[in-house]
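# Just to be clear, the model below is a prediction. Sequence and coordinates:
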Amino acid sequence: MEMNLMSMKDSIISLSQKNRNNKFLKNNIELRCKCGFSEKLTYYDFLAGGEFNFGQPSSILSPFISESVYDETIIVTPINLSKKCPVCGKDLTAVFPLSLEELIPILQSQPPDPQMYG
Ligand SMILES: [Zn+2]
């Protein structure tokens with residue numbers, strides 16, 4: 001199964017923008033560069049700004065194995081944050097703490113906004 005990651009990226013950007021008050025998105029991630037520059041950005045800054053890419057999806061054993069299901073695997077797609085260092089121009093990267101599959105339900109779990117699909 002091939003997922004369209006380009007449109008998935010667009011979805012995450014727009015879901016993040018709609019969830020700007022989501023507490024989860026206010027967590028910080030710190031980027032450090034070898035040149036000494038460091039910057040704290042919120043998840044919101046990265047996700048709503050589109051400063052991320054997807055890594056190679058891999059399958060892991062599902063943590064939700066039930067009695068009737070053995071060996072069930074789920075796909076996990078890592079999210080890599082990236083931004084250019086404003087001082088030296090090198091790429092700064094960090095791995096987002098959640099996978100794409102974990103992030104989407106969080107962004108979609110907000111109270112329904114009547115204008116969301118309007
Ligand atoms: Zn730098």
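Good, I have the coordinates. Numbers count the residues shown, from 1 in each chain.

# Every contact and neighbour count from this point should use C-alpha atoms.
Will do.

# What residues does the protein have near the ion?
For the chain, the residues in contact with the ion (Cα under 5 Å from the ion) are 33, 35, 85, 87-88.

# sec struct for N80, please.
strand (DSSP: H, G, I helix; E, B strand; the rest coil).

# Please name the bridge partners of it.
Listed by DSSP bridges, the beta-bridge partners for N80 are N53, V95.

# State the number of residues packed around it.
18 (other Cα atoms under 10 Å).

# Now do the contacts for it.
Applying Cα atoms under 8 Å, 6 or more residues apart in numbering, we find N80 in contact with 52-55, 93-96.

# Adding pLDDT, write the residues you listed out as a markdown table.
Output for the contacts of N80, formatted as a markdown table (pLDDT from 0 to 100):
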| residue | pLDDT |
| --- | --- |
| F52 | 94 |
| N53 | 93 |
| F54 | 93 |
| G55 | 93 |
| T93 | 90 |
| A94 | 91 |
| V95 | 92 |
| F96 | 94 |
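
# Now restrict the residues of the chain next to the ion to buried residues only.
Burial by neighbour count, 16 or more other Cα atoms under 10 Å: within the residues of the chain next to the ion this picks out 33, 85.

# Would you mind putting the residues of the chain next to the ion into a markdown table with secondary structure and pLDDT alongside?
Below are the residues of the chain next to the ion laid out as a markdown table (DSSP: H, G, I helix; E, B strand; the rest coil; pLDDT from 0 to 100):
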| residue | secondary structure | pLDDT |
| --- | --- | --- |
| C33 | coil | 95 |
| C35 | coil | 97 |
| C85 | coil | 95 |
| V87 | coil | 96 |
| C88 | coil | 97 |
